[in-house]
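In: prediction below, plus the sequence it came from.
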Amino acid sequence: MAHIAVSQAFHDLIDIHAPMRKLGDGFIFTEGPLWHPVENHLIFSDMPGDTRRKYMPDGTIVEIARPSNKGNGMTYDADLNLLICEHSTSSVVRISPSGQRTVLCSHFEGKELNSPNDIVVGNDGAVYFTDPTYGRLEHFGVPRPLQQGFQGVYRLPPGHKPGDEPQLVSDRYMFSQPNGLTFSPCQKWMWVNDTDQANIRMFDVGTDGRLVNGRIFASGIKENARAGVPDGMKADEKGNVYVTAPGGIWVYDFHGKKLGEIEVPEMAANMHWGGAGWNTLYIAASTGLYALDTKATGRAEPFMTPKAASPQDTQMESPMINTNLAPIEGARTAMIIQDLQNDVMMDGGAFAFTGSPDHARQQNVVANNIRLAEAARAKGVMILHVHMLLEPGAPYLVQHAALQRGLKEKNALVRGTWGGAPVPGLEPRQGDLVVEKMSMSAWETSRLEAYLRHGGRDTILNCGSWTNMSVEHTARTGADKGFHMIVPEDSCSTMNAEWHNVAIGYGLQEVSTVTNVDAVIAALR
């Protein structure tokens, strides 16, 4: 079976003669394939069969849950908790690695959700899911009256408490049946498809997490002669979009141009990359489970580099982390949020190749900085965003050091570009201050010290990226200038855990108080 290339670019993603391997069959309707990054197996749903199964690389398939509340879409979070959209209960649930089940949400405005369908987790820990009505129909769910009166897209924000209602992040009446959804690699955009309308919409992800500026990305995804509808959807590392469609899976580039079609023997319902190199596309298709080796790899998601597998998790119990802090007076304290900019530590950024996006996810650094900044503002702490910003081509930036050469070669951190902008969720708020610099340290080429001296601040919460570079350089100079430097280690990240732990365990111990975000919040006065 040959796949169909509409554009030459398709050949860079898929070998048109790549075989489609059948891994299992005899199911009723498969959904939600999901690869476990540590245990190296695939789980998938069979909604009408009310069963969840596990496929292992040796070809063995076993049941792992029956009944499964007719679970549909699934994903993991960064702690490898399994998140499931349950049709029978109209709930999004979390199952811990030990098996504990927690209902995250089931109602909106006091009424039951329709039937959560597909789900994705952002780098900040926010959970997005769609809520069509299929789970209240015969076969795919449990027939029962609708309560909501519309079908939307919802979000569980970072810090969401189980049982709290989700946030509606879409227009109430934009969708007929919202189904598959996926972030772009940089998470600045999100795509959501609509099965009834046979289209895909593209949205900007607002600073508050809402989906704004919706526009049609692709339409007419239906045919009378071939079975298949927009259902599951994923993006690859380059921002190409893969959606189930007539004949199998249709592939679009970032701008909505159709590149080609992946032929699947049965009507495809969903897909996800897995395998050792994240370049095997596992496809749930009606009664069967299939696999296709691709040249592309899936976009990086938080669970692909889980905190559960991160070596610094044991580091946190070390005596190097001081959690018994003296009171921190808000009126004498400033918080520096340094270099948390897209080029530095986001997928798609100029320095993503270093591994910094993965380590930022392991550290949960965006969510931790958001949480700490909110608590600090409430206690009168001065919030300072320190950004490295250059002009196009980095004119007059000396080229003696490798870091300086890299900035120029990558044309990175340019003023006014996406790469130079703060990461989503850490944009300056009203009352915050912004400091621009052209050096690794926050001090040398900025107004930082003037703000601190005039504001009467002698204590600094030193946060940001990269731990062993900007954060450590800033701490050393700050200590020399007589400031009390406090480094919450989980508000910092770098290229990998090894480099981070070296900075935390050695250099920063001599010039700062190394602690964590929870301890700082508890000590703020």
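Out: That came through fine. Numbering: from 1, shown residues only.
In: could you find the closest non-adjacent residue to Asn193?
Out: Counting by CB to CB, 6 or more residues apart in numbering, Asn193 lies nearest to Pro230, which is 3.9 Å off, once chain neighbours are set aside. Bear in mind the C-beta positions are built from the backbone N, C-alpha and C, glycine included.
In: and the gap between the one you found and Ile119?
Out: Counting by CB to CB, to the nearest Å, the gap from Pro230 to Ile119 is 16 Å.
In: quick one: pLDDT of the residue nearest to Asn193?
Out: Pro230 is assigned a pLDDT of 98 by the prediction.
In: what strand or helix carries it?
Out: Using DSSP states H and E, no element contains Pro230; it sits outside every helix and strand.
In: out of Pro230 and Ile119, which sits in the more crowded spot?
Out: Between Pro230 and Ile119, Pro230 has the larger neighbour count (other CB atoms under 10 Å), namely 27 against 21.
In: residues in contact with the more buried one?
Out: Asn179, Gly180, Asn193, Asp194, Thr195, Ala198, Asn199, Ile200, Ile221, Val243, Thr244, Ala245 (CB atoms under 8 Å, 6 or more residues apart in numbering).
In: who are the contact partners of the fourth one?
Out: Taking CB under 8 Å, 6+ apart as the criterion, Asp194 is in contact with Phe175, Ser176, Gln177, Pro178, Asn179, Ile200, Arg201, Pro230.
In: format these as CSV; extra columns: secondary structure.
Out: Formatted as CSV, the contacts of Asp194 follow (DSSP: H, G, I helix; E, B strand; the rest coil):
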residue, secondary structure
Phe175, coil
Ser176, coil
Gln177, coil
Pro178, strand
Asn179, strand
Ile200, strand
Arg201, strand
Pro230, coil
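In: tell me which of those residues is nearest to His454?
Out: For these, the closest approach to His454 (CB to CB) belongs to Arg201, at 47.7 Å.
In: need the three-state assignment for the residue lying closest to that closest one once chain neighbours are set aside.
Out: Excluding the flanking residues, the one nearest Arg201 by CB to CB, 6+ apart is Gly214, at 4.9 Å. Counting by three-state DSSP, the backbone at Gly214 sits in strand.
In: now swap in the one 3 residues further on and tell me
Out: Local secondary structure at Phe217 is given as strand here, using three-state DSSP.
In: what's around it, how many residues?
Out: Phe217: 20 surrounding residues under other CB under 10 Å.
In: what score does it have for pLDDT?
Out: As predicted, Phe217 sits at a pLDDT of 98.
In: and it, how far from Gly330?
Out: Phe217 sits 45 Å away from Gly330, going by CB to CB.
In: what comes into contact with the longest helix seen in the chain?
Out: Criterion DSSP state H: the longest helix present in the chain is helix 365-378. Under the contact criterion CB under 8 Å, 6+ apart, helix 365-378 has outside partners 123-125, 158-159, 330, 333, 335, 337, 340, 345, 360, 383, 423-426, 429, 431, 461, 463-465, 488, 490-493, 517, 520-521, 524.
In: returning to what we had before: got TSV for the contacts of Asp194, with distance to Val511 too?
Out: Below are the contacts of Asp194 laid out as TSV (distance: CB to CB, whole Å):
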residue	distance to Val511
Phe175	53
Ser176	59
Gln177	57
Pro178	51
Asn179	52
Ile200	51
Arg201	50
Pro230	55
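In: which element follows the worst-scoring helix or strand of the chain on mean pLDDT toward the C-terminus?
Out: Using mean pLDDT, DSSP states H and E, the weakest-scoring helix or strand in the chain turns out to be helix 312-315, at a mean of 39. Using DSSP H and E, the helix or strand that follows helix 312-315 in sequence is strand 333-338.
In: quick one: stretch 214-224 to chain centroid distance?
Out: Centroid separation for stretch 214-224 versus its chain: 25 Å, with CA atoms, centre = their mean, to the nearest Å.
In: cool, and stretch 380-399?
Out: Put simply, stretch 380-399 sits 26 Å off its chain's centre (CA atoms, centre = their mean).
In: can you give me the end-to-end span of it?
Out: Stretch 380-399 has its terminal residues 40 Å apart, counting by CA to CA, to the nearest Å.
In: ok, for Asn199, nearest residue in space, not its chain neighbours?
Out: Leaving out its chain neighbours, the residue that sits closest to Asn199 by CB to CB, 6+ apart is Ser219, at 4.2 Å.
In: and that neighbour, how many neighbours?
Out: With other CB under 10 Å as criterion, Ser219 counts 14.
In: helix, strand, or coil at the nearest residue to Leu137 once chain neighbours are set aside?
Out: Among residues not flanking Leu137 along the chain, Pro143 sits closest, at 6.5 Å (CB to CB, 6+ apart). For Pro143, the secondary-structure state derived from three-state DSSP is coil.
In: these two touch, right, Pro143 and Thr133?
Out: No - under the criterion of CB atoms under 8 Å, Pro143 is not in contact with Thr133, lying 10.8 Å apart.
In: before we move on, the earlier item: buried ones in the longest helix of the chain?
Out: Val365, Val366, Ala367, Asn368, Asn369, Ile370, Arg371, Leu372, Ala373, Ala375, Ala376, Arg377 (16 or more other CB atoms under 10 Å).
In: please apply the same query to stretch 94-104.
Out: Arg94, Ile95, Leu104.
In: between the two ends of that stretch, how far is it?
Out: Termini of stretch 94-104 sit 7 Å apart (CA to CA).
In: ok, Asp480 to Gly349 distance?
Out: Separation of Asp480 from Gly349 (CB to CB): 31 Å.
In: quick one: which of these two has more around it?
Out: Gly349 (23 against 10).
In: residues contacting the more buried one?
Out: For Gly349, counting by CB under 8 Å, 6+ apart, the contacting residues are Cys186, Gln341, Asn342, Asp343, Ser356, Pro357, Ala412, Gly419.
In: surely the first one touches Trp418?
Out: Yes - taking contact to mean CB under 8 Å, the distance of 7.3 Å between Cys186 and Trp418 places them in contact.
In: name the residues contacting each of the two.
Out: Both Cys186 and Trp418 are in contact with Asn342, where contact means CB under 8 Å, 6+ apart.
In: the two: who's more crowded?
Out: Remark: of Cys186 and Trp418, Cys186 carries more neighbours, 21 against 14, as counted by other CB under 10 Å.
In: pLDDT score assigned to the nearest residue to that one once chain neighbours are set aside?
Out: Closest residue in space to Cys186, ignoring its immediate chain neighbours: Gly348 at 3.9 Å, by CB to CB, 6+ apart. Note on Gly348: pLDDT of 88.
In: wait, a strand at Gly348?
Out: No - under three-state DSSP, Gly348 sits outside any strand and is assigned coil.
In: ok so, going back, narrow the contacts of helix 365-378 to those in strands?
Out: Using DSSP state E, the members of those that fall in strands are Thr333, Met335, Ile337, Ile383, Leu461, Cys463, Gly464, Ser465, Pro488, Cys492, Ser493.
In: sorry, back to before: now do the contacts for the residue nearest to Asn199.
Out: By CB under 8 Å, 6+ apart, Ser219 lies in contact with Gln197, Ala198, Asn199, Ile200.
In: if we only consider those residues, which is nearest to Pro37?
Out: Set against Pro37, the nearest of those by CB to CB is Ile200 (27.3 Å).
In: is the closest one in contact with Trp189, as I believe?
Out: No - the criterion here is CB under 8 Å, and Ile200 misses it with Trp189 at 11.7 Å.
In: looking at the two, which is more packed in?
Out: Between Ile200 and Trp189, Ile200 has the larger neighbour count (other CB under 10 Å), namely 26 against 19.
In: any idea what that one is bridged to?
Out: Per DSSP bridges, the residues bridged to Ile200 are Asn193, Ala218.
In: from Arg371, how far off is it?
Out: From Ile200 to Arg371 the distance is 33 Å (CB to CB).
In: contact partners for Phe150?
Out: So, once contact is read as CB under 8 Å, 6+ apart, Phe150 ends up touching Arg172, Tyr173.
In: returning to that earlier point: okay, Pro143 and Thr133: which has more neighbours?
Out: A direct count of neighbours by other CB under 10 Å for Pro143 and Thr133 places Thr133 higher, at 17 against 9.
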